[in-house]
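Chemist: show me how the following folds:
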Amino acid sequence: MSWKQHLYYIHDPMCSWCWAFRPTLNRLLEKLPSDIPVSFLLGGLAPDSDQPMDVDLRRKIEETWKIIQTRLPATEFNFDFWTNNTPRRSTYPACRSVIAVREIEPTKEKDMIYAIQQAYYLKAMNPSESHLLEELAGKLGISDTVFSKTFYSDATNHQLLDEIEQCRSMGVHSFPSLVFKADNSYRPISIDYQNENTMLEAIFQICN
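Modeler: Here you go, the predicted model:
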């Protein structure tokens, strides 16, 4: 297969549907031919904010978690999050932390994404808080000093904005999304939350 082919996964570590998609995504990536490169792009679900999440939005997101559990019962959520924290509608810090880890230690990018998801969805912790992101990176063996310097840098913020713009240029406005590039053409791959083979087949059809 040609080097011109490339699979992009567009996500946000605080996107609940991305959490639900994680097991199937992992199976898809395991079955994907090794000569098709894969890149994870941050879509940036919600910009920086210090304001507490309003009641209506809290209810909407809680309801989304319940919908996901109905449709995909294997997906776990810890609803204590809503009583143990002051939620903020801000996912950019979590996105920047993933970029920072990728810059420092590329092999730990997916580990950081999973650490954020576990903290948020299983442990009822708040990844909108920078101190938690620093703690999670530290547990991956990344120096506090190095992480903080990269996490708070202008370069990391610019990278996030660039990735958001790249996603929009591909026509992506929701997460999770898959886009397959072949011969400088970008093709959306429909997300199947339960069967990786349907997405794999769609990719093979483009390749052929």
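
Chemist: and residue 59, what does it touch?
Modeler: Contacts for residue 59 (C-beta atoms under 8 Å, 6 or more residues apart in numbering) come out as none. Bear in mind the C-beta positions are built from the backbone N, C-alpha and C, glycine included.

Chemist: quick check: phi and psi at residue 41.
Modeler: phi -120, psi 140 (degrees, to the nearest 10).

Chemist: give me the number of residues near it?
Modeler: By other C-beta atoms under 10 Å, the residues close to residue 41 number 21.

Chemist: same question for residue 140.
Modeler: 15.

Chemist: residue 136 too?
Modeler: Here the number of neighbours of residue 136 (other C-beta under 10 Å) works out to 23.

Chemist: again, but for residue 180
Modeler: 20.

Chemist: OK, contacts around residue 74?
Modeler: By C-beta under 8 Å, 6+ apart, residue 74 lies in contact with residue 23.

Chemist: ok, now residue 199?
Modeler: Neighbouring residues of residue 199 by C-beta under 8 Å, 6+ apart: 28, 178, 189, 190, 191, 192.

Chemist: ditto for residue 167
Modeler: 10, 41, 43, 44, 173, 177.

Chemist: check which helix or strand the nearest residue to residue 139 once chain neighbours are set aside maps to.
Modeler: The spatially closest residue to residue 139, leaving aside those adjacent along the chain, is residue 115, at 6.8 Å (C-beta to C-beta, 6 or more residues apart in numbering). Counting by DSSP states H and E, the element that carries residue 115 is helix 109-117.

Chemist: the following helix or strand past that helix to helix 109-117, inter-axis angle?
Modeler: Past helix 109-117, further along toward the C-terminus, the next helix or strand under DSSP H and E is helix 130-139. In terms of direction (axes from the mean of the first three to the mean of the last three C-alpha atoms, to 10 degrees), helix 130-139 departs from helix 109-117 by 130 degrees.
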